[in-house]
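*Asks:* My questions are about this predicted structure, shown below with the sequence.
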Amino acid sequence: MKNDKKWFQKAYKRILVDMHIPDWNDEFLRDFDPENYADMMQLAGIDTAEIYSSSCLGLCFWPTKTAFPHRIVTKGRDLLGETIQACKKRGIDVQIYTNFWNRTAYDVHPEWRIIRPDGKGTCDGGGRFGQCCHNTGYADFFVQMCEELADAYDCVGYWVDMVGIYNPCICPSCRKRFMEETGFQQLPRFADWSDPAFIALNNCMNKWHGELMNRIKAALQKNHPERTVTFQSARLTFGRGCGISDDFLNASDYLAGDFTGDKIQQSVITKTFSLLTKNRPMEFMTPRCEDLSYHTTERPIQNLTMRAYAAIANQCSFTLIDAIDPSGRLDRRFYEHARDVNATYAQYESYLDSDSEPMADVGIFYSIESICDPDWGPVPYAEFMGRGKDPFRTIADWLGRKHIPFKFVRAEQLDSVPVVFLSDCCCLTEDDCKAIRKYVEKGGKILADYRTSLFSDTTGRLGNFQLAEVLGIDYAGTYTQRVTYIQPIDEQVMDGVVPDYPLMLNGSQVNVVPYPETEVLAYITLPISLATDNQRFGSAISNPPMRPTRCPAITRHAFGKGTALYVAGKIEDNAFDAHKRALVSLLDDLLGKRSLVTNAHPCADFTLFSQPKKKRIVLSITNQPTILPPVPLHDLWIELTLPKGFDIKNVTTGPDHRDCKWTRENDKIRIEIDTLDAFAIFAING
């Protein structure tokens, strides 16, 4: 059978060596040895080396004619070419790295600089990173450099770093283009998601960055269409306003990003990127050091190994990131550790498949337009960047700890899950709302909360919810004060919450009016005073519930064949066990029956993937406590409800596909594990 998979769908283990080294000192890169570099790649046991052609300083490690060569190149060296050849001699494929940031261009061409709203460039005030604006001549400069680079060297693909919006720009070129394309007479001075001018600016930034990415891709593939192009996509985690759109995402042949966070961040990233990527698998990248600024502080090998296990569990390729010493040396000790980590990863590669589809009980709806706070503003534009970060962290943690399989979904994936959670999806598009309405009407179940569908992605705040008829409520026009309570009508509504002791939210709730047929399951209760009142209060150290209202806090509404639960506040913004139990019980109420039940400790993380072409389901379990190493878990069992029509033949476990303990009863299988150390993986073969 012909194998038509691309290189990145077969070569999963990679290393990227950061080389953000300037050239003002003769000591810099004087000890760089391409043969030793390639030896370290071989020692690490990787498939693909991601090699720098230039850094964020804009200095090229090859003899460019269009850009700025590093000083060592002007002395007759071609570090890129020499390193490519050394890696190829050892059977290691090469992906070439380049960086859109360019401190040298910033210094040489002041007219290309990003001008922040305070009138300064990105290096004013002590910054090291020179950022140039894509609406100036810098875009043409960068595209020409990419064309030259692509024709100079052979490789499997390109990795383009530092794209997206990291600083808002008010340079003359941005002002001129914005006014020409929108008709507005000036750039907005304030960030405000209800201001048509600010929304128009965001739409322009999305468009401009999408066009830029596709220009860069076209330049790199002009004479080499078989080579892949991947853009750094970590910026999408910052949400709306960072220049990320479908055009941006689709410019990458697959999504990739580097992250330093914990296991929860890795779970969220791998699942969101796997949803949004044009082709799978996505590339999960993590540095060897605890933080990129800690050059010599390497993570414990157990930490890196657990990240590799989590990459396998989420069907991702895995890239370790090193940083070269200014002299050009590499620390062999890391590559010995990388060898062990990659050897562990390699044992399980037979369980990876680029055609894998995640299986889940709950789909968290992904709306990048809603990853913002539409009520935060108007504020000076300079204060805007970075709002809306990590919106899914708490719910991902809760679902993981409760062993409820989840994934992220957009409109196209709604039918793949029985329950959809819309966590403050405030700025849904019209197409999103149509898809959700159809999903519920056909029998789907949703849990929506707070401001879901209360704003338009194009015009800002609306007079009513776009999903009002689905939710069975109307917007009453106001929010409550900041400290509020959810008082259930009885103790059956939420696990652990009773009417006399309602659930506190450290946040406001939306005042709504229920439809006549809508069932109210809980009401809003308020403290006797505002939390800011320092004279007349119910308690000096808290704000106890004292004022019941008839404003709904939780409602249930039948729409078509489906059901919609609505919560007027954001339970998931309160990261305590009581809130976790309450929210998960609402999801369980909609779900009815989970597909996966287990006696495992909450630190065990489960993932499920369907691999139709291989006629199997892959179940992974990662033992991921907060403090490593993991303590072995004993006498585990997992009961899994199989999809309809799945005819099971056997169950094997990794890494060597040996038989394991399992039994079947009707549509369920039960797998038993005597001891789980760090990781286990199973193939349920049909």
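*Replies:* Perfect, I can see it now.
*Asks:* max-length strand in the protein?
*Replies:* strand 547-559 (DSSP state E).
*Asks:* And the average pLDDT for that one is what?
*Replies:* Average pLDDT, strand 547-559: 98.
*Asks:* Partner strands of whichever helix or strand comes after that strand, with direction?
*Replies:* Heading C-terminal from strand 547-559, the first helix or strand you meet, by DSSP states H and E, is strand 562-567. With DSSP bridges as the test, strand 562-567 is paired with strand 445-449 (parallel), strand 547-559 (antiparallel).
*Asks:* next structured bit after the shortest one?
*Replies:* Sequence-wise, the next helix or strand beyond strand 445-449 is strand 455-456, with elements assigned using DSSP H and E.
*Asks:* any idea which of the strands paired with strand 562-567 is most buried?
*Replies:* strand 445-449 (a mean of 24; mean count of other CB atoms under 10 Å). C-betas here are computed from N, CA, C, even on glycine.
*Asks:* Relative to the whole chain's centre, how far out is it?
*Replies:* Offset of strand 445-449 from its chain centre (CA atoms, centre = their mean, to the nearest Å): 22 Å.
*Asks:* now stretch 459-475
*Replies:* 28 Å.
*Asks:* Give me the buried positions along that stretch.
*Replies:* In terms of neighbour count (16 or more other CB atoms under 10 Å), stretch 459-475 has its buried residues at 460, 464-475.
*Asks:* Show me the contact partners of that stretch.
*Replies:* Residues outside stretch 459-475 that contact it (CB atoms under 8 Å, 6 or more residues apart in numbering) are 192-196, 199, 374, 428, 430, 433, 436-437, 440, 446, 448, 452-456, 510-515, 517-518, 552, 555, 557-559, 564, 566.
*Asks:* What's the end-to-end length of stretch 121-134?
*Replies:* 14 Å (CA to CA, to the nearest Å).
*Asks:* when you give positions from now on, start the count at 56
*Replies:* Shifting the count to begin at 56 puts that one at stretch 176-189.
*Asks:* residues making contact with that stretch?
*Replies:* 111-113, 156-162, 164-165, 167-171, 193, 221-222, 224, 226, 228-229, 263-264, 267.
*Asks:* Can you say which of the residues you listed are buried?
*Replies:* The buried subset of the contacts of stretch 176-189 (16+ other CB under 10 Å) comprises 111-113, 156-161, 164, 167-171, 193, 221-222, 224, 226, 228-229, 263-264, 267.
*Asks:* Tell me, how many residues neighbour residue 401?
*Replies:* 16 (other CB atoms under 10 Å).
*Asks:* what's near enough to touch the closest residue in space to residue 604 that isn't next to it in sequence?
*Replies:* Spatial nearest neighbour of residue 604, excluding adjacent residues (CB to CB, 6 or more residues apart in numbering): residue 579 at 4.9 Å. By CB under 8 Å, 6+ apart, the residues touching residue 579 are 535, 539, 540, 541, 542, 564, 566, 604, 606, 607, 608, 623.
*Asks:* number of nearby residues for the fifth one?
*Replies:* In this case it means residue 542. 22.
*Asks:* List the buried residues of stretch 294-302.
*Replies:* For stretch 294-302, using 16+ other CB under 10 Å, the buried residues are 294, 295, 296, 297, 298, 299, 300, 302.
*Asks:* and what of stretch 321-336?
*Replies:* In stretch 321-336, counting by 16+ other CB under 10 Å, buried: 321-332, 335-336.
*Asks:* Distance check, the residue nearest the centre of the chain against residue 124.
*Replies:* In the chain, the residue lying closest to the centroid (CA atoms, centre = their mean) is residue 324, at 3.3 Å. The gap separating residue 324 from residue 124 is 35 Å, by CB to CB, to the nearest Å.
*Asks:* could you flag which of the contacts of stretch 514-530 are buried?
*Replies:* 247-250, 254, 429, 483, 488, 491-492, 495, 501, 503, 507-511, 565-567, 569, 573, 607, 610, 612, 614, 619, 621.
*Asks:* Would you mind pulling up the elements that the lengthiest helix in the chain packs against?
*Replies:* Longest helix of the chain, by residue count under DSSP state H: helix 251-276. Counting contacts by 3 or more CB pairs under 8 Å, 6 or more residues apart in numbering; DSSP states H and E, helix 251-276 is packed against helix 193-207, helix 227-237, strand 283-286, helix 301-305.
*Asks:* Specify the local secondary structure of residue 97.
*Replies:* helix (DSSP: H, G, I helix; E, B strand; the rest coil).
*Asks:* got the contact list for it?
*Replies:* Neighbours of residue 97 in contact, by CB under 8 Å, 6+ apart: 145, 147.
*Asks:* Just the pLDDT at it, thanks.
*Replies:* pLDDT at residue 97 comes out at 98.
*Asks:* separation between it and residue 84?
*Replies:* Taken as CB to CB, the span from residue 97 to residue 84 is 21 Å.
*Asks:* Repeat that for residue 111.
*Replies:* 16 Å.
*Asks:* Repeat that for residue 502.
*Replies:* In this view, residue 502 and residue 84 are 55 Å apart by CB to CB.
*Asks:* hmm, who's touching the lowest-mean-pLDDT helix or strand in the chain?
*Replies:* Lowest on mean pLDDT, DSSP states H and E among the helices and strands of the chain sits strand 434-435, with a mean of 86. Outside strand 434-435, the residues that touch it by CB under 8 Å, 6+ apart are 172, 244, 245, 246, 247.
*Asks:* Quick check: strands, which of those residues are part of them?
*Replies:* Counting by DSSP E, the contacts of strand 434-435 contribute 245, 246 to strands.
*Asks:* Perfect, I'm done here.
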